[in-house]
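Q: Pasting the sequence and the predicted model now:
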Amino acid sequence: MTLVPAVASPDTELRVQVSGADVEPLPAAEMSRLFPRLRPSSSRFDRLIRSARVVVRCGSRVVGFAALQRADHELRVIDLALVGTADHGVRDVLNTMLDSLETACLAGGFRRLVLPPPPRAHLLLRRRGYELMHEGCAGAWVEKTFTQR
């Protein structure tokens, strides 16, 4: 899926790639840029590079990354990184990412999409049908449930 702004060039359009865990991971330098506090030797880093993923690019630059996990009737985003550019702010990248995740969720036959709450996006998520969930020590997440027709 490619979402194209009104005046687009290959260097400014947002492009999405959905990959399985068997596809070559992003380079360690790219992962370090997206997740600045992530150590390449950590178990979290290992889990991210070995997961199925959605990657959003603006030109050749990665501006969005979501690591995916399938569980029963839901698709879970276990980690998420979003970076704005001069042509697309973080909200543009987030909207593109959510469009892609929702499409992947429905195409995979899942009924719910669960993800960590992106900072400062509560109103955007609410407008798109997401609900913020709090579970004490388990933390918080946002989810969207799709009804079957």
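A: Alright, I've got the coordinates.

Q: Return the residues in contact with Asp79.
A: Contacts for Asp79 were tallied using C-beta atoms under 8 Å, 6 or more residues apart in numbering; they are 35, 44, 47-48, 65-67, 116. To be clear about C-beta, it is placed using only N, CA and C from the backbone, and glycine gets the same treatment.

Q: ok, the most centrally placed residue in the chain - contacts?
A: Centroid check for the chain by C-alpha atoms, centre = their mean gives Ala66 as the closest residue, at 3.3 Å. Neighbouring residues of Ala66 by C-beta under 8 Å, 6+ apart: 53-54, 77, 79-81, 97, 101, 115.

Q: do that again at 6 Å, thanks
A: Residues in contact with Ala66 (C-beta atoms under 6 Å, 6 or more residues apart in numbering) are 54, 77, 80.

Q: okay, now the residue nearest to the second one when sequence neighbours are not counted: neighbour count?
A: Just to be clear, that refers to Val77. With C-beta to C-beta, 6 or more residues apart in numbering as the criterion, Val77 has its nearest non-adjacent residue at 3.7 Å, and that residue is Leu115. Neighbours of Leu115 under the rule other C-beta atoms under 10 Å: 22.

Q: and if you look at Leu34?
A: Other residues near Leu34 number 20, with proximity taken as other C-beta under 10 Å.

Q: how about it, what does it touch?
A: Going by C-beta under 6 Å, 6+ apart, the list of residues near Leu34 reads 65, 81.

Q: distance of it from Glu135?
A: Here Leu34 is placed at a distance of 26 Å from Glu135 (C-beta to C-beta, to the nearest Å).

Q: Next: Cys105.
A: 21 Å.

Q: Likewise for Arg50?
A: From Arg50 over to Glu135 the distance is 26 Å, taken as C-beta to C-beta.

Q: More neighbours: the two, which one.
A: With neighbours defined as other C-beta under 10 Å, Arg50 and Glu135 compare such that Arg50 has more, 12 against 8.

Q: Now that one: phi and psi?
A: Dihedral pair for Arg50: phi -100, psi 0, per degrees, to the nearest 10.

Q: Is the closest residue to it other than its chain neighbours in a helix, a strand, or coil?
A: Leaving aside its sequence neighbours, Arg50 sits nearest to Ala21 (C-beta to C-beta, 6+ apart; 5.7 Å). Secondary structure state of Ala21, per DSSP: H, G, I helix; E, B strand; the rest coil, is coil.
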